[in-house]
Structures are given as C-alpha cells and as structure tokens.
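Visitor: Could you work out the structure for the sequence below:
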Amino acid sequence: MKKILVILVALALAMTVGCKSETEAPKQEKAAAPAEKVVAKPGEGVTVQPARATWDTGYFQEALVRAGLKELGYDVKEPKELQNPLFYQSVMLGDVDYWTNGWFPNHTSQMPKGSEDKVEIVGYVAKAGGLQGYLVSKKDAEKFNIKSLDDFKRPEVKEAFDANDDGKADLTACPPGWGCEKVITHHFDVYDLDDHINPIKAGYSASMADALARFNSGEPIFFYTWAPNWTIGKLKPGKDVVWINVPEIKPKESQMAGEDRMTVSAIEGAVSDPLKAGFVVSDIQVVANKDFLNSNPSAKKFFKLFNLQLADINEQNTKMQDGEKSQADIERHAQEWIAANQEKWNSWLDAARNAAN
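Guide: Numbering: from 1, shown residues only. Prediction:
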C-alpha cells in the first residue's frame, strides 16, 4: 500500500511539472535597443542665407556662427549686409534666415507688426553685451572724485578736461543723426549740462583716435562709447578708464519701455554698483525665421548655445581698428577663437548634432 502511494505522488508531481512547462514559456532577457546614430552633418543639403548688420563691431560673431553652421553641414551663403529695419522685414518674409546682431530691447521698436508670428529671438550672443555710457580716464576720475555727469559742473573738473580753452569739459560724443547723439542731447537738456560740457560731434573714429592720443600723452579724457567696441579694447574699463553714472534715470520717451535696463549691475570698471548708465543696456541675440528654426533643430540648438565674452569681441574689434579688417582677417580671427576655445566649441556642435535625432 505504501509503495502504491509513493508511485501516485511521483506521478502527480511529474504531471504538475509537465503542465507548468507547457503553459509557461522560459523567461528571456529583452535585447537592448540599438543606440541612435548621431548624424555628423545634420544640415547637409540645406542652403542658409544669413544677414549681418552694417556696423563692423558685429562682424566677428557673424563669422563664428556661420563657421559653426558649416561644420554642421549647412551650405551657408555669404551674409547680406542690411540696415536694421530692412533685416527685420526680410527675416519675417523668409528672404534671409537669421542674423547674430539683434539688440534687445533696443531693436524691439524696429520689428514689423506681426513679426512675432514669423520671427524668434534665440539665445544670447552676449547677455547685457550692448552696454552704452560715459567713461573717464581712471586716474583723473580718482583725482577729482568723478562719479557722475554732475561732477563736470565743478570748475576744477571743467578746467582739467577743457582741451580747447572754451571753459567747458570736452566730451567725445556721437555724430549728428546717430541714435546715441539724440540720447546725449536729451541728457544735456534734463541734467542742465550745456554750460559745462562741450560735446564733440565730429566723425566718431577720428575723434576717439584723438582721445586715445591724448590719453597716451597723460591727458584727461571723457567720452561716450558702446560695447562691444574697439574703444574699450584699447582703453580697458577698470584699468585705463571707468564707467560713470548719469545723475538720475530720466529716460526719453523712446527709452521708457527699457527704463529698468538703464541701471545695470556687475559692470567691470564702473565707479559704482549698480551703474546708472543712462542708456538702455541691451542683450545681443540671434534673430531667426521661425520656419527655418522649426525645420532645422540643429541650427536652433547651436544658436541657443553660442555665446561670447564681451572681452573677446572687444579684442577682435581692436584688431580690426589696428588694420586687420578685411573679410579674410575676420574669418581668420574666427578660426583663431575656435582653436583657443575648442572644447567649448565642440560641445556646442555635439549638442546641435544630438538635437537632430
């Protein structure tokens, strides 16, 4: 009897194992999905038409971005040089694809109505890079304790900065018709400066060359400038010159929208922090056609990541002022910058390639 029970238990166990093996398939490890292949030249077959502004201080960043797009495989044409309003009209219509010379909020009023549906501002070429204001030779600012335009009302300051003996301090200003000339004229009105400061409105480059010569001779200088620019490549803020304040923020009507950006913090070489610049400080940004961006995620990613230190732009602008200003020179400057910043450059390109997947 005991023998029969053992046989029956053994048969039952065999049937259970058999049933289980028939109903349950053996577990198999899932195969890993193959990694997506990164396309080295995602822009291959795409022709791109860039634009650039008419001021040469913006040529360097244009050359760099064009070089980046070429490395991504795009067929990039030579840039069309356009005045601001014509560019914003052209990029909205798709006649050009992008430029690297947007200054915002300064350019906002120059964009056509409805352009926000067709045009996108991307990344920061130089955040707060579009700085404008007044500078004074550092040793003289310290000697006379100059902090703002109001200090030029003091007799001893006027005398020190009076190069033509007219009883007023000489300011290297902007030529008639420039936007900065209108703001400086506004400052003279609202801060009551006409009897104290003489604005020199001759050709800017020649006037600044004269100011630089006076500085090198040890004389005081007082000038308006903007960044990026060769002027603060030659005359370095914090070392040679200092940014000074306006007495208080009193914007023109056209500056009202950017009033909060007329005071700016963390400016190297400023006499105070924050600095009351008196001009709207702009971000330099890429502006592109939305259809182009949507069709070219690699280009959009590159635009978003691309950025420059203001000192690098000023250094290149200084080379141009010293005579290295042909297109071949500018392209060489761009390649030199890439070689000096290869790791950063490669990381931008890699991220742009990955954006295509």
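Visitor: can you give me phi and psi for Ser137?
Guide: phi -50, psi 130 (degrees, to the nearest 10).
Visitor: hang on, it packs against Leu212?
Guide: No - Ser137 lies out of contact with Leu212 (CB atoms under 8 Å); the separation is 10.8 Å. No exception for glycine: its C-beta is placed from N, CA and C like everyone else's.
Visitor: Check the contact lists of the two and give me the overlap.
Guide: Ile221 (CB atoms under 8 Å, 6 or more residues apart in numbering).
Visitor: So between those two, which is more surrounded?
Guide: Ser137 (24 against 19; other CB atoms under 10 Å).
Visitor: residues contacting the more buried one?
Guide: Ser137 neighbours (CB under 8 Å, 6+ apart): 215, 220-222, 240-241.
Visitor: from the residues you listed, which ones fall inside helices?
Guide: Residues of the contacts of Ser137 located in helices (DSSP state H): Phe215.
Visitor: In CSV, list the contacts of Ser137 along with distance to Asn84.
Guide: Shown next, in CSV, are the contacts of Ser137 (distance: CB to CB, whole Å):
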residue, distance to Asn84
Phe215, 32
Pro220, 35
Ile221, 30
Phe222, 29
Asp240, 31
Val241, 28
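Visitor: Need the pLDDT of the nearest residue to Ser254 once chain neighbours are set aside.
Guide: Spatial nearest neighbour of Ser254, chain neighbours left out: Ser109 (7.1 Å); criterion: CB to CB, 6 or more residues apart in numbering. We have a pLDDT of 82 for Ser109.
Visitor: Using the three-state scheme, assign Ser109.
Guide: helix (DSSP: H, G, I helix; E, B strand; the rest coil).
Visitor: can you give me the strands in the protein?
Guide: Secondary structure of the chain by DSSP state E: the strands cover 47-48, 51-52, 75-76, 80-81, 98-104, 119-130, 132-137, 169-172, 197-200, 222-226, 241-244, 263-264, 275-276, 282-289.
Visitor: quick one: average confidence on the first one?
Guide: Strand 47-48 shows a mean pLDDT of 98.
Visitor: Tell me which strands it pairs with, and in which orientation.
Guide: Strand 47-48 sits in its sheet next to strand 75-76 (parallel), going by DSSP bridges.
Visitor: Which residues outside the strand it pairs with are in contact with it?
Guide: Residues contacting strand 75-76 (CB under 8 Å, 6+ apart): 43, 45-48, 50, 66, 69-70.
Visitor: Report pLDDT for the residue nearest to Ala141 when sequence neighbours are not counted.
Guide: Sequence neighbours aside, Val242 is the residue nearest to Ala141 in space, at 4.9 Å (criterion: CB to CB, 6+ apart). pLDDT, Val242: 98.
Visitor: what is Val242 paired to in the beta sheet?
Guide: With DSSP bridges as the rule, Val242 is bridged to Val136.
Visitor: Dump the contacts of Ser137 to CSV, plus neighbour count and distance to Gly129.
Guide: Output for those, formatted as CSV (neighbours: other CB atoms under 10 Å; distance: CB to CB, whole Å):
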residue, neighbour count, distance to Gly129
Phe215, 19, 24
Pro220, 22, 28
Ile221, 25, 23
Phe222, 28, 23
Asp240, 18, 20
Val241, 27, 18
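Visitor: May I ask you to confirm that Gly269 is in contact with Leu235?
Guide: No - contact between Gly269 and Leu235 fails when scored by CB under 8 Å: they sit 9.7 Å apart.
Visitor: ok, back up a step: residues near the residue nearest to Ser254, how many?
Guide: Counted with other CB under 10 Å, Ser109 comes out at 10.
Visitor: In stretch 206-224, which residues are buried?
Guide: 207-208, 210-212, 214-215, 220-224 (16 or more other CB atoms under 10 Å).
Visitor: Going by distance to Lys143, which of those wins?
Guide: Distance ranking of these against Lys143, using CB to CB, places Pro220 first at 8.6 Å.
Visitor: roughly how far apart are that closest one and Pro176?
Guide: 25 Å (CB to CB, to the nearest Å).
Visitor: Closest one of the contacts of strand 75-76 to Glu331?
Guide: Nearest to Glu331 among the contacts of strand 75-76, with distances taken as CB to CB, is Arg66, at 8.9 Å.
Visitor: Tell me where the stretch 251-357 of the chain has helices.
Guide: Taking DSSP state H, counting those that start in this stretch, the helices of the stretch 251-357 of the chain run over residues 290-295, 297-305, 310-321, 327-340, 342-354.
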